[in-house]
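Colleague: just a sequence and a predicted model for now, questions to come.
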Amino acid sequence: MDRKRNIKLIISYDGTNYSGWQRIPKAANVDHSIQGLLEELLSGVLLEPIKLIGSGRTDAGVHALGQVANFYSRSNLDVNIIRQKINQVLPEDIKILQANEVDLNFHSRFDAVEKIYQYIIDTRERENVFFRKYSYACGKALNIEAMRQAAKLLIGTMDYKSFCTDRRDGKSTIRTISEITIEELRQNRNQQGIIFTFRGNGFLHHMIRIISGTLLEVGTQERSVESVRQAILGKKREYAGLTLYPQGLFLKQVIYEKNS
């Protein structure tokens, strides 16, 4: 054991088989969280109790391409050796992509400037069984232009109270979304799916899944673009669309420096 170090991890995982990122309280009989599993393995390799600080929670079934976490350690083991040793014992659906020693003051949650999430919708008439864990099956082509018009209304700093699970803690529901893009996936001129990409300074519980569900309803012409404006102004959950399933949601990137 030597000096105290702060080690930053970038982690990718398939959230299908897990209860989410956040550690389950010790009172629970079984911990199927990603954080809990990583802490257990890191503690075993480094021979000291390890507590991970995550950039934020992901719910059960939600995936990550670039979740960020950090932990403090007095081990002098090289960070690349730590990454290799942990990856050797991790299940195939979780992998540490990078491990770096960072400033002792770095905090993966509080230092985050923005996060980028993606939501995937499968629009093919025949559902593909191999995509069921990683997309929401819509089964019909969507009106992309109408969805893009509606998405523009949701960009900016505003109260997203209609687009989150009802909060009873009195905390602010004002957030900033700096960018929403909608990419159309095509094959032989036929629409196969779409990818929503959201970039913002923070997201409320279920916010991306509710916004995605609202935009989906615009795309299927179940609601108008104007109804999205009314949902923003109404500030009630019932004014927005359905909450899409978790399996289509991916945490793509956590940004720590502006303009990156």
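Modeller: Sure, I can see it.

Colleague: tell me where the model's unsure across the stretch 1-150 of the chain.
Modeller: 1, 26-31 (pLDDT under 70).

Colleague: which parts of it are strands?
Modeller: 5-13, 53-54, 63-73, 94-102, 114-122, 136-137 (DSSP state E, counting those that start in this stretch).

Colleague: which one, of those, ends up nearest to Q191?
Modeller: strand 114-122 (10.2 Å; CB to CB). No exception for glycine: its C-beta is placed from N, CA and C like everyone else's.

Colleague: related to what we said a few turns ago, need the strands of the stretch 1-150 of the chain in CSV (columns: distance to T181 and mean neighbour count).
Modeller: Shown next, in CSV, are the strands of the stretch 1-150 of the chain (distance: least, CB to CB, whole Å; neighbours: other CB atoms under 10 Å):
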stretch, distance to T181, mean neighbour count
strand 5-13, 22, 21
strand 53-54, 26, 20
strand 63-73, 16, 22
strand 94-102, 24, 17
strand 114-122, 9, 21
strand 136-137, 17, 20
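
Colleague: got the CA coordinates for the helix or strand where G213 lies in PDB?
Modeller: Using DSSP states H and E, G213 falls within helix 207-219. C-alpha atoms of helix 207-219 as PDB (Å, rounded to 0.1, in the frame of the first residue of the first chain):
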ATOM      1  CA  MET A 207     -37.000  11.900 -18.900                       C
ATOM      2  CA  ILE A 208     -35.400  10.600 -22.100                       C
ATOM      3  CA  ARG A 209     -37.800   7.600 -22.300                       C
ATOM      4  CA  ILE A 210     -40.800   9.900 -22.000                       C
ATOM      5  CA  ILE A 211     -39.500  12.500 -24.500                       C
ATOM      6  CA  SER A 212     -38.700   9.600 -26.900                       C
ATOM      7  CA  GLY A 213     -42.300   8.200 -26.400                       C
ATOM      8  CA  THR A 214     -43.800  11.700 -27.000                       C
ATOM      9  CA  LEU A 215     -41.700  12.100 -30.200                       C
ATOM     10  CA  LEU A 216     -42.700   8.600 -31.300                       C
ATOM     11  CA  GLU A 217     -46.400   9.500 -31.000                       C
ATOM     12  CA  VAL A 218     -45.700  12.600 -33.200                       C
ATOM     13  CA  GLY A 219     -44.100  10.200 -35.700                       C
END
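
Colleague: what does the helix or strand that it is followed by rub up against?
Modeller: Next helix or strand after helix 207-219 toward the C-terminus (DSSP H and E): helix 225-234. Applying CB atoms under 8 Å, 6 or more residues apart in numbering, the contact partners of helix 225-234 are 146, 149-150, 153-154, 158-160, 162-163, 214-215, 218, 239-240.

Colleague: from these, keep the buried residues only.
Modeller: When the contacts of helix 225-234 are checked for burial by 16 or more other CB atoms under 10 Å, the buried set is A146, A150, L154, M158, Y160, S162, F163, T214, L215, V218, Y239, A240.

Colleague: got those as TSV, with distance to R109 columns?
Modeller: Listed next are the buried ones among the contacts of helix 225-234 as TSV, based on distance: CB to CB, whole Å:
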residue	distance to R109
A146	36
A150	31
L154	24
M158	23
Y160	20
S162	26
F163	22
T214	27
L215	28
V218	33
Y239	30
A240	27
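
Colleague: no more questions from me, cheers.
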